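**Q** Requesting a structural model of the entry that follows:
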Amino acid sequence: MLESLVVLALIALLAGMASQLLRPPSARMRLEAATRGFCATLRATRSRAIVTNGEAAVIIDLFAKTYASPVGGVGKLPADAQIALDIANTQRLSERTGAITFFPDGGSTGGDMVLQTPEARATISINWLTGEAKCALG
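**A** Numbering: from 1, shown residues only. As a prediction, the model looks like this:
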């Protein structure tokens, strides 16, 4: 009898864990993870520009919803996110791509990016003077 109760308890525990693992993450969690990854890439790219004493850029593809950096490779932004990118005209590489360039002194070309999903919103601001990236979820 006791063994049967232990087996039932284990089955209930495993079923509860399986339901959590099979459920896809929420849109808010996907946006938060993508924002943190993008901000980490911005900070690493700035550090690379300072350490190598050369320019380094993060390229953002608005249609593919990806970004690329010499330090982080290619990263993905949420497929369901609307992206607004406000950067200098000289950093617009095409209608669909733009860049944020970091300089050896730590500065950057600066810019702002907003990622919007129906459930959440993230704002990323890069200061042109210091190159500091601030990321906020709202």
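
**Q** In a helix, Ala64, correct?
**A** No: under DSSP: H, G, I helix; E, B strand; the rest coil, Ala64 falls outside any helix and is assigned coil.

**Q** Now it: closest residue in space, sequence neighbours ignored.
**A** Arg96 (7.8 Å; Cβ to Cβ, 6 or more residues apart in numbering). (C-beta placed from N, C-alpha, C; glycine too.)

**Q** wait, that neighbour sits on Ile60?
**A** No: assessed by Cβ atoms under 8 Å, Arg96 is found out of contact with Ile60, at 9.4 Å.

**Q** If you count surrounding residues, which of those two has more?
**A** Using other Cβ atoms under 10 Å as the criterion, Arg96 and Ile60 rank with Ile60 on top: 26 against 11.

**Q** Kindly state the beta-bridge partners for Val114.
**A** Val114 has the following beta-bridge partners by DSSP bridges: Ala84, Thr123.

**Q** So it sits against Ile83, correct?
**A** Yes: assessed by Cβ under 8 Å, Val114 is found in contact with Ile83 at 7.3 Å.

**Q** quick one: contacts for the residue nearest to Ala64?
**A** Asp61, Leu62, Phe63, Ala64 (Cβ atoms under 8 Å, 6 or more residues apart in numbering).

**Q** Which one of those residues is nearest to Ala12?
**A** Ala64 (43.6 Å; Cβ to Cβ).

**Q** burial count for the closest one?
**A** Ala64: 14 neighbours (other Cβ under 10 Å).

**Q** in terms of contact, does Pro70 touch Ser47 like I think?
**A** No: here Pro70 lies out of contact with Ser47, judged by Cβ under 8 Å, at a distance of 11.3 Å.

**Q** Mind jotting down where the strands sit in this structure?
**A** 56-61, 66-69, 73-76, 82-86, 97-102, 111-116, 121-126, 133-137 (DSSP state E).

**Q** Let me know which of those strands is the nearest to Glu32.
**A** Distance to Glu32, taken as Cβ to Cβ, is lowest for strand 133-137 among the strands of the chain, at 5.7 Å.
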